[in-house]
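In: Build the 3D model from these lines:
(one chain, ligands or ions: 1)
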Amino acid sequence: MIRPVLKMGDARLTRRAREVEAFNTPELAALVADMEETMRALDGAGLAAPQIGVGLRVVVFGFDSNPRYPEAGSVPYTVLVNPTLTPLSGEIEEGWEGCLSLPGLRGAVPRWRHLRYEGFDPRGNRIDRTVEGFHARVVQHETDHLDGVLYPMRMKDLTRFGFTDALFPDPPG
Ligand code: NI
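Out: Numbering: from 1, shown residues only. Presented below is the predicted three-dimensional model:
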């Protein structure tokens, strides 16, 4: 079922989400199915459970190609429960992000370039990956939602925050 996505300003987006304690349950499978359907319907690169009003540490992300991020390459479709992130170098990279909770807006956000992430899939199998670039960016963005953090809170230069159609006008001709 496609669920409504909460918008920035909703207090439910600013809370810390709870760890999932029971894996391989119908409730968790139904939540993940709704998140995947909602993300795909809106062409999102990812979605976190708090964005549909569920305060659990569950994120989904991934795409083969995404019209909202044509430069991004592909990121494997992943359901990640109770994630922990470990930056693998001090290297920080700024890149453009959007969010389904801030429709129509983009901002340049500094993120760790190299990252290890760990967690579980919905059945309770361990996930442990080392990634970089846009994949690392998406994981940081989605995991931030679990701690009540939206991308503008990470920005250093608010002159690089605005409406997508004003930031990136179509080239003339
Ligand atoms: Ni988001």
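In: OK, contacts around Arg160?
Out: Contacts for Arg160 (C-beta atoms under 8 Å, 6 or more residues apart in numbering) come out as Glu94, Gly107, Ala108, Leu167. C-betas here are computed from N, CA, C, even on glycine.
In: Then Val75?
Out: Applying C-beta under 8 Å, 6+ apart to Val75 gives the contacts Ala45, Phe61, Gly62, Phe63, Phe134, His135, Val138.
In: Quick check: the second one vs Ile127, distance?
Out: Right, Phe61. According to C-beta to C-beta, to the nearest Å, Phe61 and Ile127 sit 12 Å apart.
In: Show me which of those two is the more surrounded one.
Out: It is Phe61, of Phe61 and Ile127, that has more neighbours when counted by other C-beta atoms under 10 Å, with 23 against 15.
In: For the more buried one, give me the pLDDT.
Out: If you check Phe61, the pLDDT there is 97.
In: my read is it is in a strand, agree?
Out: Yes. Under DSSP: H, G, I helix; E, B strand; the rest coil, Phe61 sits within a strand.
In: bridging residues for it?
Out: Counting by DSSP bridges, Phe61 is bridged to Gly46, Thr78.
In: and it, what is it in contact with?
Out: With contacts taken as C-beta under 8 Å, 6+ apart, Phe61 has the following neighbours: Met39, Ala45, Gly46, Leu47, Val75, Tyr77, Thr78, Leu80, Val138, Val139, Glu142.
In: go on, Asn66?
Out: Counting by C-beta under 8 Å, 6+ apart, Asn66 touches Asp43, Ala45, Ala72.
In: Dump the C-alpha coordinates for the longest helix anywhere in the chain into PDB.
Out: Determined from DSSP state H, the single longest helix within the chain is helix 26-41. What follows is helix 26-41, C-alpha atoms only, in PDB (Å, rounded to 0.1, in the frame of the first residue of the first chain):
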ATOM      1  CA  PRO A  26       4.400 -10.400   9.200                       C
ATOM      2  CA  GLU A  27       4.300  -6.900  10.600                       C
ATOM      3  CA  LEU A  28       7.800  -6.100   9.600                       C
ATOM      4  CA  ALA A  29       7.300  -7.700   6.100                       C
ATOM      5  CA  ALA A  30       4.100  -5.500   5.700                       C
ATOM      6  CA  LEU A  31       6.000  -2.400   6.700                       C
ATOM      7  CA  VAL A  32       8.800  -3.100   4.300                       C
ATOM      8  CA  ALA A  33       6.400  -3.800   1.500                       C
ATOM      9  CA  ASP A  34       4.600  -0.500   2.000                       C
ATOM     10  CA  MET A  35       7.900   1.400   2.200                       C
ATOM     11  CA  GLU A  36       9.100  -0.200  -1.000                       C
ATOM     12  CA  GLU A  37       5.900   0.600  -2.900                       C
ATOM     13  CA  THR A  38       5.800   4.200  -1.600                       C
ATOM     14  CA  MET A  39       9.400   4.800  -2.500                       C
ATOM     15  CA  ARG A  40       9.000   3.400  -6.000                       C
ATOM     16  CA  ALA A  41       5.700   5.300  -6.700                       C
END
